[in-house]
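[1] Return a 3D structure for these sequence lines:
(one chain, ligands or ions: 1)
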Amino acid sequence: MDWGMANRMARIINPKTGKAVMLALDHGYFLGPTHRIEEPRKTITPLLPYADTIMLTRGVLRNCVDPESCANVVLRVSGGVSIVGPALEDEGITTSIKDALRLNVAGVGISVFIGSSHERQTLLNLAELVNQGQEYGVPVLGITAVGKELEKRDARYLSLCCRICAELGTHIVKTYYCEDFEKVTTSCPAPIVIAGGPKLETEMDVFELTYNAIQQGAVGVDMGRNIWQNDYPVAIIRAIRSIVHEGLKPKQAHKLFLDVKSEHEKAAANA
Ligand code: 5RP
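    Sure thing, here's the model as predicted:
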């Protein structure tokens, strides 16, 4: 691996632990002002110290994240669709590699919609981005998107998607956790991070999801709503981080969550 590519990969996957905590904040690219990220700067700023990378679009990056924060960025570079449009799968590449380099990104991210009528187009978008990434030393995060069809998230389908992304040269694959997740990780030669999906009922559910994914071969998370839609986002990201990087068990992470939550409550009461 060339130095630039290796250096950028190390900004995403911590070489000391071999793991990654990515914070996904890109939802607005097709959902608009999603609940609890209506004002991105307010959501992002307190979480920055606890994320190895933030994943978002260039518009939110330029307007809502200070360059002095030194955040490592995985830039969402696919889009061109909206939740109210005719086809969520009809994505194109929205951002040039030149602009991504100008933003000093650690990587770029793009969705593919396998099994949809836009399968070929989105896979060729991914392949083109990998070609550009290889040329400039920029890792590509391939995201196995399911659009509105959340029920598609089983091991058979996700193994197919992850393997195809890896075969096309994707440097890191982002997918969903599912039953028999090990089948997905063992058949994908590229490292896998998991999305959180819609907000889960309890914090323990989030910790168990994270723990099980890591135990079954994921290198980390690229999680959004289960962090910033929680009432205590700093407490939950710190607990998730402790599972990913320190190997804490769900119950230990829950204790950390409660401790940090109570610190925040005390600070708020004294403010
Ligand atoms: C959308 C995405 C999101 O970033 C992804 O779904 C992660 O966020 P969440 O944990 O909220 O699911 O890639 O395609």
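
[2] just checking, F30 touches V84?
    No - with contact defined as C-beta atoms under 8 Å, F30 does not reach V84; the gap is 9.5 Å. Where you see a C-beta, it was placed from the backbone N, CA and C, and this is true even at glycine.

[3] Give the residue from these two that has the larger number of neighbours.
    When neighbours are counted by other C-beta atoms under 10 Å, F30 and V84 differ, and F30 comes out ahead with 21 against 9.

[4] so what's that one scoring on pLDDT?
    We have a pLDDT of 97 for F30.

[5] same thing with the one 4 residues further on?
    Among the per-residue scores, T34 shows a pLDDT of 97.

[6] now do S117
    The model's pLDDT for S117 equals 95.

[7] give me the number of residues near it?
    Neighbour tally, S117, other C-beta under 10 Å: 10.

[8] can you check E182 too?
    Neighbour number of E182 under other C-beta under 10 Å is 12.

[9] how far away is S82 from L88?
    Distance, S82 to L88, by C-beta to C-beta, to the nearest Å: 8 Å.

[10] With N230 instead?
    For N230 relative to L88 (C-beta to C-beta), the value is 26 Å.

[11] Also C64?
    If you go by C-beta to C-beta, the gap between C64 and L88 works out to 24 Å.

[12] what sits against the closest residue to R62 other than its chain neighbours?
    Counting by C-beta to C-beta, 6 or more residues apart in numbering, L103 is the residue found nearest to R62 once chain neighbours are left out, at 7.7 Å. By C-beta atoms under 8 Å, 6 or more residues apart in numbering, L103 lies in contact with R58, L61, R62, V73, L75.

[13] just the buried members of those?
    Applying 16 or more other C-beta atoms under 10 Å to the contacts of L103, the neighbour count classes R58, L61, V73, L75 as buried.

[14] helices and strands around the helix or strand containing the second one, which ones?
    When elements are defined using DSSP states H and E, L61 is found to belong to helix 58-64. Packed against helix 58-64 by the contact rule (3 or more C-beta pairs under 8 Å, 6 or more residues apart in numbering; DSSP states H and E) you find helix 40-44, strand 73-76.
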